[in-house]
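Novice: predicted coordinates and the sequence they were generated for:
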Amino acid sequence: MLVKVFGSAVFGVEATTITVEVNIDKGIGYHLVGLPDNAIKESSYRISAALNNNGYRLPGKKITLNMAPADMRKEGSAYDLTLALGILTASNQIKGGNIHEYIIMGELSLDGSLQPIKGALPIAIKAREEGFKGFILPKQNVKEAAIVNGLDVYGVDNIQEVIDYFEGTSNLKPLMIDTRKEFYNNMQNPEFDFADVKGQESIKRCMEIAAAGGHNIILIGPPGSGKTMLAKRLPTILPPMTLNEALETTKIHSVVGRIKEHSGLMNQRPFRSPHHTISNVALVGGGSYPQPGEISLSHNGVLFLDELPEFKRDVLEVMRQPLEDREVTISRAKFTVTYPSSFMLVASMNPSPSGYFPDDAQAISTSAHEMQRYLSKISGPLLDRIDIHIEVQPVPFEKLTEERRGEPSSEIRKRVTTAREFQSKRFNEIDNVHYNAQMSVKQIRQYCVLNEKSKTLLKNAMDKLNLSARAYDRILKVARTIADLEEVLNINPDHIAEAIQYRSLDREGWLG
């Protein structure tokens with residue numbers, strides 16, 4: 001007897017429906033075809049034990065299972081439940097008249113219980129697109145998949161519950177979630193808050209500007225000056241995620257199985273902080289069967305690279321193109337996958353190999369050659385993509401012992417959100433430009449027009465501070481954002497003066 005059941009495979013952040021054809025005929029043997037990987041090939045042992053422990057059996061006949069399309073590589077243990085139900089239906093051990101109306105996925109334990117799967121959200125989206133009646137999956141993933149409205153999503157604990165449902169002896173209830181209500185109701189108070197940061201008012205201002213314009217930023221300061229503390233609080237002042245951004249972000253984290261059990265839609269912007277020993281593939285994504293890297297897991301959020309010069313230079317170089325394109329494409333011989341990677345880069349570094357500024361009392365004398373070698377670990381093209389450089393000084397004792405709390409993140413976020421709305425209207429008719437950091441040279445010339453006083457100030461600053469040519473456009477972008485925070489149309493000399501302060505690494509002679 002031939003039976004067809006349906007599962008799904010995830011490539012990139014999109015799912016593809018897989019048809020599992022099960023044919024039972026005279027003879028003996030178990031033949032699984034259709035380019036399965038080792039995890040799927042081993043499923044026969046898990047399926048046999050799970051069926052035996054639940055009062056069923058693997059028929060002693062010739063079983064042929066084909067996973068179509070047969071030329072597409074399938075991987076992972078999530079097809080166990082799909083294959084098991086196909087075998088039970090094809091051998092007439094259970095009724096399965098309407099089994100073809102469902103996508104069925106789940107990894108089987110030997111006792112028949114189910115383990116969570118990866119990619120539940122993109123699978124659910126694809127199931128709804130293709131008109132399936134429902135999606136049966138492990139209970140741990142049900143809330144994640146139920147985000148998709150218009151599809152019945154059933155969470156089950158073990159294979160027996162699924163069998164009883166198709167036999168008609170029990171009635172599974174689909175989990176119903178009002179996605180919009182769930183998203184807005186679960187806007188939790190963030191763990192971190194700028195109110196906890198003592199002092200550092202100028203750095204907070206700088207972070208506000210970076211958030212308002214989507215500018216990449218590098219913090220330069222000695223150990224203990226608060227660089228990491230400030231970076232962790234940046235997501236709390238970024239505008240709240242839209243529902244579309246939340247769905248995009250959740251899909252990426254779902255593909256790699258990073259959604260917490262019994263969790264649904266992500267509503268906080270991601271903050272990723274990889275260690276400096278990270279490899280190229282782990283940062284940008286890839287592998288034999290490509291998976292998203294840290295830059296994609298940071299999509300719509302913040303990627304924090306602590307101690308930037310400690311990262312291998314080639315690792316930093318592969319990040320240059322994704323920073324420009326806001327996506328990363330991974331090519332293999334037979335297929336190509338594209339992952340979104342629109343994130344804010346926040347980096348930190350010590351000002352010298354000793355960890356301190358040259359004029360600091362704790363600084364160890366360092367030669368000009370050593371200082372230059374330390375800074376040269378970061379390439380010019382990467383620095384080109386960082387709009388704001390700011391020096392972070394240690395907080396004095398008087399500030400640390402102050403009882404007064406600083407301005408909370410919620411108040412800063414209101415100003416940032418207003419500035420972003422200002423930019424959205426400006427770039428409304430331009431594709432792929434939503435905030436100031438994304439402006440091209442043409443758009444900078446159009447939207448960052450300077451009056452004579454501003455031009456004179458900028459020219460004098462570039463001459464006296466020996467600012468490099470690459471600093472020019474960055475200063476204009478940042479000045480545009482400062483003007484947007486003040487809700488004024490024209491850039492004035494005050495905006496230019498403040499923006500000039502945020503180009504520390506472009507000053508000739510910096511670091512000796």
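Specialist: Arrived safely. Numbers count the residues shown, from 1 in each chain.
Novice: am I right that His389 sits in a strand?
Specialist: Yes: counting by DSSP: H, G, I helix; E, B strand; the rest coil, His389 is part of a strand.
Novice: so it makes contact with His215?
Specialist: No: under the criterion of Cβ atoms under 8 Å, His389 is not in contact with His215, lying 10.7 Å apart. Every residue, glycine included, has its C-beta placed from N, CA and C.
Novice: for the closest residue to Glu75 other than its chain neighbours, what are its contacts?
Specialist: Residue nearest to Glu75 in three dimensions, not counting chain neighbours: Asp37, with 4.2 Å by Cβ to Cβ, 6 or more residues apart in numbering. When contacts are counted by Cβ atoms under 8 Å, 6 or more residues apart in numbering, Asp37 touches 73-76.
Novice: please repeat the previous calculation with a cut-off of 10 Å.
Specialist: Going by Cβ atoms under 10 Å, 6 or more residues apart in numbering, Asp37 touches 73-77, 288-289.
Novice: and Asn460, by the same measure?
Specialist: By Cβ under 10 Å, 6+ apart, Asn460 lies in contact with Ile500.
Novice: ok, Gln501 next?
Specialist: Gln501 touches 202, 206, 388-391, 461, 475, 478, counting by Cβ under 10 Å, 6+ apart.
Novice: try it again with 8 Å
Specialist: So Gln501 contacts Ile390 (Cβ under 8 Å, 6+ apart).
Novice: buried among the contacts of Asp37? Make that a PyMOL selection.
Specialist: Of the contacts of Asp37, the buried ones go into a single PyMOL selection, burial set by 16 or more other Cβ atoms under 10 Å:
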select buried, resi 74+75+76+77
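Novice: out of the contacts of Asp37, which two sit at the greatest distance?
Specialist: Ser77 and Ser288 (17.1 Å; Cβ to Cβ).
Novice: what distance do you get for the residue most central in space within the chain to Phe132?
Specialist: For the chain, Leu297 is the residue whose C-alpha lies nearest the centre (Cα atoms, centre = their mean; 2.3 Å). Distance from Leu297 to Phe132, counting by Cβ to Cβ, to the nearest Å: 29 Å.
Novice: could you give the number of residues near Phe343?
Specialist: Applying other Cβ atoms under 10 Å, we find 26 residues neighbouring Phe343.
Novice: ugh, typo on my part, it should be Leu219
Specialist: Applying other Cβ under 10 Å, we find 25 residues neighbouring Leu219.
Novice: hmm, it is touching Val392, no?
Specialist: Yes: using Cβ under 8 Å, Leu219 is in contact with Val392, at 5.1 Å.
Novice: so what sits against both of the two?
Specialist: Common neighbours of Leu219 and Val392 (Cβ under 8 Å, 6+ apart) are 203, 227, 230.
Novice: nearest to Leu247, of those?
Specialist: Leu230 (29.4 Å).
Novice: and the helix or strand hosting that closest one, what's buried?
Specialist: Leu230 belongs to helix 227-233 when assigned by DSSP states H and E. Taking 16+ other Cβ under 10 Å as the neighbour-count basis, helix 227-233 is seen to contain the buried residues 227-233.
Novice: pLDDT and distance to His276 for those residues - can I get that in CSV?
Specialist: Output for these, formatted as CSV (pLDDT from 0 to 100; distance: Cβ to Cβ, whole Å):
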residue, pLDDT, distance to His276
Lys227, 92, 14
Thr228, 92, 13
Met229, 92, 18
Leu230, 93, 19
Ala231, 94, 15
Lys232, 94, 17
Arg233, 93, 21
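Novice: report the two of these separated the most.
Specialist: Maximum pairwise distance in those, criterion Cβ to Cβ, is 11.4 Å, between Lys227 and Arg233.
Novice: low-confidence ranges, the stretch 101-250 of the chain, go.
Specialist: Applying pLDDT under 70 to the stretch 101-250 of the chain flags residues 185-190.
Novice: gap between the nearest residue to Pro396 once chain neighbours are set aside and Gly221?
Specialist: Leaving aside its sequence neighbours, Pro396 sits nearest to Gly199 (Cβ to Cβ, 6+ apart; 7.0 Å). Distance, Gly199 to Gly221, by Cβ to Cβ: 13 Å.
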